[in-house]
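Engineer: Here is my input; please provide its structure:
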Amino acid sequence: MKSIKVVAALIRSVNENGEPAVFATQRGYGDYKDWWEFPGGKIEEGETPEEALVREIHEELDARITVEKFLTTVEYDYPAFHLSMDCFWCTLAEGHLTLLEHEAAKWLPLDNLRQVNWLPADVLVIEAIEKG
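Structural biologist: Numbers count the residues shown, from 1 in each chain. Sure, this is the predicted structure:
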């Protein structure tokens, strides 16, 4: 089975209600169109996970982030490939989060992340967040 190494940004801030929140994006393409995920993408040859994350967020959301702290690595077997996803807490450093590739986005309260239909691997990320 093919293995894919990716990174995901858990961009945190406060939502319109002043609650701690994390940014979630909705896929606009592919087999999992309309499912929700944490933004990020593939690590290119020669990149560290942190460098890949900064690049991917700039490409997908036209913003600069600060990668703060590693949370977890998720290993998940999708039908066509194995996913290994390094997940990091991040903050917005510059710009505004502008959707260039995703269908929609939301700031979800950290204490109520399960209100959208997450991709299976991202559910494991949520479990790691909930464990603290």
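Engineer: where do the strands sit along this structure?
Structural biologist: Using DSSP state E, the strands of the chain run over residues 2-14, 20-26, 36-37, 40-42, 63-77, 81-95, 104-109.
Engineer: could you dump those to TSV with mean neighbour count and mean pLDDT?
Structural biologist: (C-beta placed from N, C-alpha, C; glycine too.) Formatted as TSV, the strands of the chain follow (neighbours: other C-beta atoms under 10 Å; pLDDT from 0 to 100):
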stretch	mean neighbour count	mean pLDDT
strand 2-14	18	96
strand 20-26	20	97
strand 36-37	21	98
strand 40-42	17	97
strand 63-77	15	98
strand 81-95	17	96
strand 104-109	16	96
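Engineer: Could I get those in CSV, plus columns for distance to residue 125?
Structural biologist: Formatted as CSV, the strands of the chain follow (distance: least, C-beta to C-beta, whole Å):
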stretch, distance to residue 125
strand 2-14, 7
strand 20-26, 10
strand 36-37, 9
strand 40-42, 10
strand 63-77, 6
strand 81-95, 5
strand 104-109, 12
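Engineer: Spell out which residues sit in contact with the residue nearest the centre of the chain, please.
Structural biologist: Nearest residue to the geometric centre of the chain (C-alpha atoms, centre = their mean): residue 38, 2.1 Å. Listed by C-beta atoms under 8 Å, 6 or more residues apart in numbering, the contact set of residue 38 reads 8, 9, 10, 22, 23, 24, 25, 87, 122, 125.
Engineer: I appreciate the help and will end here.
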